[in-house]
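A.B. asks: can't give you the sequence, but here's the structure:
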């Protein structure tokens, strides 16, 4: 009997120790992503609703803490590489054993974060463990979607996540296109073809760290830093791990306008604006700085001669590159455009980083009296640039979160491109849609599967890209990243339909068009739709239907 009691007590003690050990086990970082803002919110909602389980918690933070960025990526390959700050979300389960997180930087930086060897790490300010971060810098996602953030990161979550290694890049351009954009930025200026933009020297992507790209609206900067996607790292010569991409969905570029001036872009009022459309030659004239006034829109009536502020992104942005290669640098390798296209055209025409007036960019256009200005990041483009500048035009990948500040107020809208609406089936007055459910709850706007972005789905809207993740070709990072992609796709139509799912899911037929792939590296291009490894650039590629021979390219030779 005594032995029995002893054994029972021993078993009880062992069980208690096991339970305590499990309770205090170090959390596992399942996915730590860096990259595009286009998927930032929808990835958070997918992780929270589909993966984290009952009792999950979340935290978001932006802005500057006492000692610097509240969250940033750190690239250890050189002490001269500056950190990149961004908005961060963190989701963890009730037991605090699993963590998903994502810091929003641009697509090229996201790719660099993943491909840098050794990989970059996430640094989080210790203030996030306290309640001293101002409430204006937290709760970045509507509480109607997932409730309020916790007021601080638990110490176990902070400790596990701080200095953790990036596992996944979230990107709206392929890695080949991200590498190309990085080299183009870092190469010496070619003022004829704009194959080099002048933030470095040489013509073979030899510059390791380029000149900072400055904002005209704030102290924000973009840091051009070299990376490779195969072979060896340009800084450390360490071999780069094999990678793969997983397609998430497709999102359109939308052209936003500030209509607060009733005598300018707001002429005609919110119900009947006069300026509603962009043709390619007009779009190119605005963004290359040839003519920046209301005449450049080609509207049939007034207003005339009103200067327009043209807001541009940094050339490492996936948004910038999709806009650039879809509509400004049309022709090989980006596919045919309508007449009036200049292949060597660019929104960087006339921009010389060595000129103090060009970096930060605040450049008067050749005609019309308008100005081109540089914004760094989606938030600054939308919430500062277009929001604060009357008679301005800018662009962003559409998501309800990205445009929410403009959609909530009068005086802002969007334009059709070549007469095609990027968001709705039919254009009315160009007012940006608010995310509101049928019961009137803001922040929730479920869509009937297959109904979102009808003109992207039918192939008639030209300016869009596939959103992707980049991660290891095999292993746990691939497994976990695929779980998150599936969660994002499963969740998108039921909460906030920010993109067209790439694959059929939940009654949604998925994306029926793709962009043709072309040689952007030494690997033969392939769209991957026949089961082969996807390869090659596709930013601005021709829009092709998914058909019986999806590997055949019809307009890239």
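C.D. replies: Perfect, I can see it now. Here the structure is a predicted model, which is why all the values come from computation and not from measurement.
A.B. asks: got the domain boundaries for the protein?
C.D. replies: 21-222, 250-457, 512-557 (automatic domain parsing).
A.B. asks: Would you state the helices of the stretch 251-400 of the chain in chain order?
C.D. replies: With DSSP state H, counting those that start in this stretch as the criterion, the stretch 251-400 of the chain has helices at 280-287, 318-323, 378-379, 387-388, 400-407.
A.B. asks: got the ones you listed as JSON lines, with mean neighbour count and distance to residue 443 columns?
C.D. replies: Using the backbone N, CA and C atoms, a C-beta is placed for each residue, glycine as well. Shown next, in JSON lines, are the helices of the stretch 251-400 of the chain (neighbours: other CB atoms under 10 Å; distance: least, CB to CB, whole Å):
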{"stretch": "helix 280-287", "mean neighbour count": "22", "distance to residue 443": "32"}
{"stretch": "helix 318-323", "mean neighbour count": "27", "distance to residue 443": "23"}
{"stretch": "helix 378-379", "mean neighbour count": "24", "distance to residue 443": "18"}
{"stretch": "helix 387-388", "mean neighbour count": "16", "distance to residue 443": "20"}
{"stretch": "helix 400-407", "mean neighbour count": "22", "distance to residue 443": "8"}
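A.B. asks: just to revisit the earlier point, which of the domains of the chain sits closest to residue 479?
C.D. replies: domain 21-222 (9.3 Å; CB to CB).
A.B. asks: Can you give me the end-to-end span of stretch 47-60?
C.D. replies: 13 Å (CA to CA, to the nearest Å).
A.B. asks: Please list the residues outside that stretch that contact it.
C.D. replies: The contact list for stretch 47-60, computed with CB atoms under 8 Å, 6 or more residues apart in numbering, reads 30-31, 44, 87-94, 98, 100, 128, 138-141, 146, 149-150, 152-153, 157, 483-484, 486-487, 490-491, 495.
A.B. asks: among the residues you listed, which are in strands?
C.D. replies: Using DSSP state E, the members of those that fall in strands are 30, 31, 87, 88, 89, 90, 91, 92, 98, 100.
A.B. asks: And the furthest pair within those residues?
C.D. replies: Among those, 87 and 98 lie farthest apart (CB to CB), at 21.5 Å.
A.B. asks: I'd like the domains of the chain laid out as a markdown table, including mean pLDDT and distance to residue 228.
C.D. replies: Compiled in a markdown table, the domains of the chain are given as follows (pLDDT from 0 to 100; distance: least, CB to CB, whole Å):
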| stretch | mean pLDDT | distance to residue 228 |
| --- | --- | --- |
| domain 21-222 | 95 | 7 |
| domain 250-457 | 92 | 15 |
| domain 512-557 | 74 | 10 |
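A.B. asks: Residue 475 is nearest to which of these?
C.D. replies: Using CB to CB, those put domain 21-222 closest to residue 475, at 10.0 Å.
A.B. asks: quick one: residue 506 from residue 50, how far?
C.D. replies: 12 Å (CB to CB, to the nearest Å).
A.B. asks: picking that back up, what's the closest of the helices of the stretch 251-400 of the chain to residue 134?
C.D. replies: helix 378-379 (16.6 Å).
A.B. asks: Centre of the chain to that closest one, how far?
C.D. replies: Relative to its chain's centre, helix 378-379 lies at 9 Å (CA atoms, centre = their mean, to the nearest Å).
A.B. asks: can you check stretch 315-335 too?
C.D. replies: For stretch 315-335, the separation from the chain centroid amounts to 15 Å (computed by CA atoms, centre = their mean).
A.B. asks: Tell me the buried residues in stretch 261-270?
C.D. replies: 261, 264, 265, 266, 267, 268 (16 or more other CB atoms under 10 Å).
A.B. asks: what do you get for stretch 428-436?
C.D. replies: For stretch 428-436, a neighbour-count test (16+ other CB under 10 Å) marks 430, 431, 432, 435 as buried.
A.B. asks: Please identify which of those residues is nearest to residue 477.
C.D. replies: Nearest to residue 477 out of the buried residues of stretch 428-436 is residue 435 (CB to CB; 31.5 Å).
A.B. asks: which ones are touching the closest one?
C.D. replies: Applying CB under 8 Å, 6+ apart, the residues near residue 435 are 142, 400, 404, 442, 443, 444, 445, 496.
A.B. asks: still on that earlier bit, quick one: the buried residues of stretch 261-270 as CSV, columns for distance to residue 104 too.
C.D. replies: Shown next, in CSV, are the buried residues of stretch 261-270 (distance: CB to CB, whole Å):
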residue, distance to residue 104
261, 31
264, 32
265, 29
266, 31
267, 35
268, 36
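A.B. asks: tally of neighbours for residue 544?
C.D. replies: Residues lying near residue 544 (other CB atoms under 10 Å) number 21.
A.B. asks: now residue 257
C.D. replies: 26.
A.B. asks: does it really touch residue 386, like I thought?
C.D. replies: Yes. With contacts counted by CB atoms under 8 Å, residue 257 reaches residue 386, the gap being 7.3 Å.
A.B. asks: So what does the closest residue to residue 429 other than its chain neighbours look like in phi/psi?
C.D. replies: Spatial nearest neighbour of residue 429, chain neighbours left out: residue 271 (5.5 Å); criterion: CB to CB, 6 or more residues apart in numbering. Phi and psi for residue 271, reported as degrees, to the nearest 10, are phi -80, psi -30.
A.B. asks: which residues does the closest residue to residue 78 other than its chain neighbours contact?
C.D. replies: The shortest distance from residue 78 to any non-neighbouring residue, by CB to CB, 6+ apart, is to residue 235 (5.7 Å). Neighbour list for residue 235: 77, 78, 116, 208, 226 [criterion: CB under 8 Å, 6+ apart].
A.B. asks: What residue, apart from its backbone neighbours, is nearest the fourth one spatially?
C.D. replies: Spelled out, that is residue 208. residue 226 is the one closest to residue 208 (CB to CB, 6+ apart), at 4.8 Å.
A.B. asks: I figured the one you found was touching residue 202, is that so?
C.D. replies: No. The criterion here is CB under 8 Å, and residue 226 misses it with residue 202 at 11.2 Å.
A.B. asks: Same drill for those two, tell me which one is more crowded.
C.D. replies: Using other CB under 10 Å, the more surrounded residue of residue 226 and residue 202 is residue 226, with 24 against 11.
A.B. asks: still on that earlier bit, looking at the contacts of residue 435, which one is closest to residue 470?
C.D. replies: Distance to residue 470, by CB to CB, is smallest for residue 496 among those, at 23.4 Å.
A.B. asks: and the closest residue to that closest one other than its chain neighbours, what is it in contact with?
C.D. replies: In space, residue 496 comes closest to residue 400 once its chain neighbours are excluded; the distance is 5.2 Å by CB to CB, 6+ apart. Residues near residue 400 by CB under 8 Å, 6+ apart: 41, 407, 433, 434, 435, 445, 496, 498.
A.B. asks: For the fifth one, give its distance to residue 497.
C.D. replies: Meaning residue 435. As judged by CB to CB, residue 435 and residue 497 stand 9 Å apart.
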